[in-house]
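**Q** Just a sequence and a predicted model for now, questions to come.
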Amino acid sequence: MDSAVRVKLQDLPRTPLAGEGNFVWKIPFPSGNDGAAVLKVYFGSRSPLLYLKKTVGNRLLTGRTSHMPRARFRTETACVRLWESHGFRCFGMHPEVRVDGLPEDGYMLFDWTPGLHFREYFKDPSVPLEQRLATWRRWVPEWHRRHAIAVRLREPRLIHENGDVKHVMLWRDGFVYFDFEICFTSRDVRDLVGREILAYMRSVGKFFGEALYERMADELVAHYPDKTLLLSAWEHAWANRNPIIRTGRWLDVRMKPRHRNRWSKYEVALDLRRRLDAASLT
Amino acid sequence: MRHAGRLDGNRIWRVATPDGTVLQKLYAERGGWLRAWGRELTTRLMGAKTSTRAAGRRATEARLLALWRAAGLDVPANLSDRHPDLANERTLVLEDVSGPLLSQALADPALAGPPREALLARFAAACRARHDQALSRGEAGLIQEHGSVQHVIVSGSRLVSFDLENAYRPRRDLRPLLAKELASVLRSLARLGDEPRFRADLAAFVSGYGDVARLREAAGHYLQPSSLLWRLVWAVDRRRDERRDRAHGKYRVLRALRDATA
C-alpha cells in the first residue's frame, strides 16, 4: 500500500531560506511545527560541471563523500538516521511526502524547527553569561558522547563535516544538529574528531570574540570527559600520525600567512594544547 | 611554537564521571624520537628494566597495578574496564586517591615528634611487607624502580604507592634491586630537610622497617660492592656526591643507613 502524500511543486507557496547552492524553501505543512516544513532540493542552482569538479576533489583529495545531488541526498538521509539512532536529534524527515515536479531521490521534506542557532544564542547579550555557559557545559558532554561513539564504532558519518556553531540549534531544551550532505570517508576517526573540535572552536572564536572564546574554551577543557580526544585537535594540526600529512601541515603553517591568524586551526590547536597542559596534574 | 609538534612526557587529568572523579593518564614519549629510541636501545641492551617507550610504560603500569593489588599492596585501582570511553591504547583510567604526597606531609613543619615517627614507621612497614613478598616470590615487579616519598599518597589510613610505569625485569638475585630502591627512597627523604632531621627520620624508618639486617645488607651492597662493575659505578657516584657536596647523595644516605643499622 502506498502511504505517500503527494503534493505538486507548482502549487506550493514557497519562502526561500538559503542563498545559494541547494534550493531550500519553507512551505506550508499542516502537521508540522507552526504549520510549516522545509523542502530541501539537492539539485540546486549550481552547474553540473561544478558538482562534478567538487566531487572529484572530495573523492580524490579531501576524503569526503560525493558532491553530486543524489549522493548528497543519500548521505544526508543516512546520516540523519544514524545520528538519531544514537540519540542525537536532527531535523525530522518526511520521506512519505512526494513532490511532483522534483526528481526522485533529489529532495527531502524536513521538520520546520524554529530553534535558536548556537551562533545567535551565545552572542545574545540578553541571555545572562552564566546561563549561556551553563548551556555550553550541558552540551559539551553530549558532544563528547558522539565523538566517543564515532571512535568506538570507527564511524566517520558521526563526525559533523560542516560542524560549527552555525549548524547546532537549541530547541525544546535540547540540541538539534543539521547539514549532513557531505561526510568524511576516512576510518581514522580520532583524527576527524580533532578536526571537528577545531572547526567548532574556530567558529566560537570567530563569531563570539576573544573574551567569550576564553570562557568557553576553559569550560570545554574542564568538562569534556576524554581529554585525549580533546588533545586530538592539537594532534590533527601539529602531530598527525601520517608523516606525509604532517610534513604538508608543517609547510602549510609556514607558507601561508593566514595560518598565523588568531582563529586559524593551528593557533586554536595550540591554544587547546596549552589549556590541556595547564589542566594536567603532571 | 617550540615543541609544538610533540607532547614530551605524560599527562594526567582529573575527570568527573557519574561514578566519581577518576584520573586519565596519557602515556606519551619523552623527548624527540631520537632520544626516545636511544633510551630504549640502551635499556634493551642493559636488559635490566622494562621498556621506556610510551606503550611499554603503559603496559608495565597496567601489569604492575594488577600485580601489586593481587599481592594486597595499596595502589590506585585500574578502572580502565569501567570507563571504556576514557581508556584506550594510550591511556589508563586510575582511581583518584585523595590526600597529600608523603613528601608533602613530611615537609609540613607541624608534623613533628611521635606523629611524624609513626607515619614514617607505617611507610617503612609497608615497604618491608612488600620487600618480603618480592624476595620470597622472586618477583622483581614488587621492587619499586622509582621508589620515593614523592610517589606515595597519604590518604587517611592508606599509604598508596603510584608511578609504576617502569620496572625491573626478572632476575635471580633481587637484593641489588632492593638496595637501589632503598637508596632512592632515602635520598628522597634526605631532600626534605637538613642532616639532623634526616637522621631522625632515618631512625624512625629503620625502626618501622624492622628487619635491620636486611637494611644493613642493602647499605653494604653499595658501600662494599662485590663486583668490579659495581665498584666502578659506586666510585663515580661517590666522586660526584663529594664534588657537588650533596647532602642527599646516594653515598651519604647509604652511609647514614649503615650507621643507623650498625
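**A** Sure thing, it's come through.
**Q** Buried residues, the host helix or strand of residue A:218. List them.
**A** For residue A:218, the host element (DSSP states H and E) is helix A:189-223. Buried residues in helix A:189-223, counted by 16 or more other CB atoms under 10 Å in any protein chain shown: A:189-208, A:212-213, A:215-217, A:219-221, A:223. All C-beta spots, glycine's among them, are computed from the backbone N, C-alpha and C.
**Q** Now do the same for residue B:236: its pLDDT.
**A** At residue B:236, the predicted lDDT confidence score is 82.
**Q** That one and chain A, how far apart?
**A** 30 Å (CB to the nearest CB, to the nearest Å).
**Q** which parts of chain A sit against chain B?
**A** By CB under 8 Å from any CB of the partner chain, the residues of chain A that approach chain B are A:144, A:148, A:152, A:223, A:225-228, A:231, A:238-239, A:246, A:250, A:270, A:273, A:276-277, A:279-282.
**Q** Please produce a PyMOL select command covering the buried subset of these.
**A** Here is the PyMOL selection string for the buried members of those, based on 16+ other CB under 10 Å:
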select buried, chain A and resi 144+148+223+225+226+227+228+231+238+239+246+270+273+276+277+279+280
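**Q** just to revisit the earlier point, and the helix holding residue A:218, how far out from the chain's middle?
**A** Mean C-alpha position of helix A:189-223 versus that of the full chain (CA atoms, centre = their mean, to the nearest Å) differs by 13 Å.
**Q** what's it packed up against?
**A** helix A:129-153, helix A:227-238, helix A:265-279 (3 or more CB pairs under 8 Å, 6 or more residues apart in numbering or on different chains; DSSP states H and E).
**Q** most tightly surrounded among those helices?
**A** A comparison of the helices and strands packed on helix A:189-223 by mean neighbour count, using mean count of other CB atoms under 10 Å in any protein chain shown, puts helix A:227-238 on top with a mean of 24.
**Q** After that one, which helix or strand is next?
**A** Defined by DSSP H and E, the subsequent element after helix A:227-238 is helix A:243-255.
**Q** For that next one, give me every contacting residue.
**A** By CB atoms under 8 Å, 6 or more residues apart in numbering or on different chains, the residues outside helix A:243-255 that reach it are A:237-240, A:259-260, A:266, B:5.
**Q** now swap in stretch A:30-50 and tell me
**A** A:12, A:14, A:17, A:20-29, A:69-70, A:72-73, A:76, A:91, A:94, A:97, A:99, A:102-103, A:106-114, A:181.
**Q** Can you flag which of the residues you listed belong to strands?
**A** Residues of those located in strands (DSSP state E): A:23-28, A:97, A:99, A:107-111.
**Q** Could you identify the buried members of these?
**A** Buried among the ones in strands among the contacts of stretch A:30-50 (16+ other CB under 10 Å): A:23-27, A:97, A:99, A:107-111.
**Q** tell me the domain ranges of the chain?
**A** In the absence of a named chain, chain A is used. According to automatic domain parsing, chain A comprises the domains A:5-111, A:116-279.
**Q** other chain: chain B
**A** If you go by automatic domain parsing, chain B breaks into B:11-95, B:102-260.
**Q** Compile these into a markdown table and extend it with columns for mean neighbour count.
**A** As requested, the domains of chain B are exported to a markdown table (neighbours: other CB atoms under 10 Å in any protein chain shown):
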| stretch | mean neighbour count |
| --- | --- |
| domain B:11-95 | 17 |
| domain B:102-260 | 17 |
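**Q** Comparing those by mean pLDDT, which bottoms out?
**A** domain B:102-260 - the lowest mean pLDDT of the domains of chain B, at a mean of 90.
**Q** Which helix or strand in chain A has the lowest average pLDDT?
**A** strand A:5-8 (a mean of 86; mean pLDDT, DSSP states H and E).
**Q** Of all the helices and strands packed on helix A:189-223, which one is nearest residue A:121?
**A** Nearest of these to residue A:121, taken as CB to CB: helix A:129-153 at 7.0 Å.
**Q** Could you tell me which strands sit next to the helix or strand just after the closest one in the sheet, and their orientation?
**A** Next along the chain after helix A:129-153, taking DSSP H and E as the criterion, comes strand A:168-171. When pairs are called by DSSP bridges, strand A:168-171 turns out to pair with strand A:116-117 (antiparallel), strand A:174-177 (antiparallel).
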